[in-house]
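> How does the following fold in three dimensions:
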Amino acid sequence: MATPALYHNWPEIIGTFVLIVGFVLTITLPSAILTYTVVILLGMLFGRIWFRQKGGLKFPLFVIMMALLLGIMLGARYGDKTLVVIFFFFSMAFSYYLHDQKLIKSI
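Presented below is the predicted three-dimensional model:
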């Protein structure tokens with residue numbers, strides 16, 4: 001029995017969507033401070049998602065996360081792209097740590 005292409009390719013489809021969303025979101029931001037703020041918030045969101053997915057789906061989440069980061073970097077007109085990457089991964093790790101230590105409750 002053949003399975004639909006959507007079933008097998010959902011990480012790439014969602015990754016393409018978040019790449020476009022990340023690009024459009026950051027291209028419209030008028031300053032580096034707003035770009036860094038959005039990147040930190042998205043990193044914290046992905047840290048929470050990573051914590052919630054402890055036991056499975058690591059690679060599809062990684063594909064989606066990298067697509068979002070690529071879209072953000074392509075659209076970031078203001079600010080340093082190296083700082084964007086550093087802020088994203090630092091805030092993701094910090095959010096994961098806060099959830100892991102139960103300083104933030106994840107329902």
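> Ignoring the adjacent residues along the chain, who's closest to the residue nearest the centre of the chain?
What sits nearest the mean C-alpha location of the chain, by Cα atoms, centre = their mean, is residue 65, with 4.1 Å. If the residues on either side of it in the chain are set aside, residue 65 comes closest to residue 46, at 5.3 Å by Cβ to Cβ, 6 or more residues apart in numbering. The C-beta positions use only the backbone N, C-alpha and C, and glycine is treated the same way.
> How about residue 41?
residue 91 (7.7 Å).
> List the residues that contact that neighbour.
Applying Cβ atoms under 8 Å, 6 or more residues apart in numbering to residue 91 gives the contacts 39-41, 43-44, 47.
> re earlier: the residue nearest to residue 65: neighbouring residues, count only.
For residue 46, the count of nearby residues is 22 (other Cβ atoms under 10 Å).
> give me every residue that touches it.
61, 65, 68, 88, 92, 95.
> quick one: which helix or strand includes it?
Taking DSSP states H and E as the definition, residue 46 sits inside helix 32-52.
> Can you point out the buried residues in the helix or strand immediately after that helix in the chain?
Using DSSP H and E, the helix or strand that follows helix 32-52 towards the C-terminus is helix 58-75. By 16 or more other Cβ atoms under 10 Å, the buried positions in helix 58-75 come out as 61, 63-65, 67-69, 71-73, 75.
> Now pLDDT and distance to residue 12 too, for those, in a markdown table please.
Converted to a markdown table, the buried residues of helix 58-75 look like this (pLDDT from 0 to 100; distance: Cβ to Cβ, whole Å):
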| residue | pLDDT | distance to residue 12 |
| --- | --- | --- |
| 61 | 86 | 13 |
| 63 | 88 | 7 |
| 64 | 88 | 9 |
| 65 | 90 | 13 |
| 67 | 93 | 8 |
| 68 | 92 | 13 |
| 69 | 93 | 15 |
| 71 | 93 | 14 |
| 72 | 92 | 18 |
| 73 | 92 | 19 |
| 75 | 90 | 20 |
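> Which one of those residues is nearest to residue 105?
residue 61 (20.9 Å; Cβ to Cβ).
> hmm, back to that, and the residue nearest to the centre of the chain, how far is that from residue 107?
Using Cβ to Cβ, to the nearest Å, one gets 22 Å for the distance from residue 65 to residue 107.
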